[in-house]
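In: Predicted coordinates and the sequence they were generated for:
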Amino acid sequence: MEKELLTIEHLKKSFGDNVILDDVNLTVKQGEVIVIIGPSGCGKSTLLRCINALEPIQEGQILLDGEKIEPKSKNLTQLRQKIGMVFQSYELFPHLSVLDNIMLAPIKVQKRPKDEVKEEALALLERVGLAEKAKSYPRELSGGQKQRVAIVRALCMHPEILLFDEVTAALDPEMVREVLDVMLNLAAQGRTMLIVTHEMQFAKAVADRVIFLDNGNIVEDAAPDEFFNHPKTSRAKQFLNMFAFDDVKPHEKV
């Protein structure tokens, strides 16, 4: 049985008097792929930012491997190395090449040998179809290519869990598929992932569990077939009625 990797207990997050997340409870097992969906403004991205301590929380706790994650924690740097986060806006350094963007944190933060990191970075770029772009700069890449570089950068830190925050939202439709294919491949490898997305077809294909957030609360937590075919709440039914679905083959883990 897979161990519980991430535990969120009674999480409350507010901006002033505006409550964004209210008594959120969630457990993520090692190797699970959890897709978080819901209307805009329901707290999806904020939840990911709280997990990575990019946002302070007002109540509750977040535990990774049994260790509490909080902005003032003395071991926050070490904990963050276990959490890979991929943002919608790529967050690549424009003055660094693709390879240097990927190698920077493993060398500077983890103090790993440069040759070892370079070998791994090039192998990961090859895996996502970007080996020929190693010496290119972000300005020379398409949006889909930048996002794949951002994923490789996260992977090179050897995280225990990967957080994806609307990583296809800023992409042209023809570029979305190349990024989603990389994420499907990661799911098939058994990576632990939390994915915020509006791509319902992708969510149906990749998820082990679907979390439906609304007004800062987890309204439904179910297997994808159950959620997409038999949602329990009227709010989830209303949300899903905005999308059209075709048959999608779920990912198969290896």
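Out: That came in fine, so what should we check first?
In: make it CA atoms for all contacts and neighbour counts henceforth
Out: Will do.
In: tell me which helix or strand of the chain sits lowest on mean pLDDT?
Out: helix 76-80 (a mean of 87; mean pLDDT, DSSP states H and E).
In: what does that one contact?
Out: Contacts to helix 76-80, defined as CA atoms under 8 Å, 6 or more residues apart in numbering, come from residues 52, 64, 69-70.
In: Cross these against helices and list the overlap.
Out: If you go by DSSP state H, the contacts of helix 76-80 have nothing in helices.
In: Show me which of those residues is closest to V117.
Out: Here the nearest of the contacts of helix 76-80 to V117, counting by CA to CA, is N52; it sits at 23.5 Å.
In: residue contacts, the closest one?
Out: Here N52 is in contact with 69, 80, 83, 85 (CA under 8 Å, 6+ apart).
In: Give me the pLDDT for it.
Out: With respect to pLDDT, N52 has a value of 92.
In: Offset the numbering so it begins at 815, please.
Out: Fine by me, first position is 815 from now on; the one you just mentioned is N866.
In: Quickly note the distance from it to R1005.
Out: 17 Å (CA to CA, to the nearest Å).
In: re earlier: tell me what the following helix or strand past the least confident helix or strand of the chain is packed against?
Out: Once the chain leaves helix 890-894, the next helix or strand it forms, by DSSP states H and E, is strand 897-900. When contacts are defined as 3 or more CA pairs under 8 Å, 6 or more residues apart in numbering; DSSP states H and E, strand 897-900 sits against helix 957-969, strand 975-979.
In: And the helices in the stretch 965-1068 of the chain, which stretches?
Out: 987-1002, 1014-1020, 1038-1043, 1048-1054 (DSSP state H, counting those that start in this stretch).
In: T1011 and I848 touch, don't they?
Out: No. Using CA atoms under 8 Å, T1011 is not in contact with I848; the gap is 10.7 Å.
In: For these two, indicate the residue with more neighbours.
Out: Ranked by neighbour count (other CA atoms under 10 Å), T1011 and I848 place I848 first, with 25 against 20.
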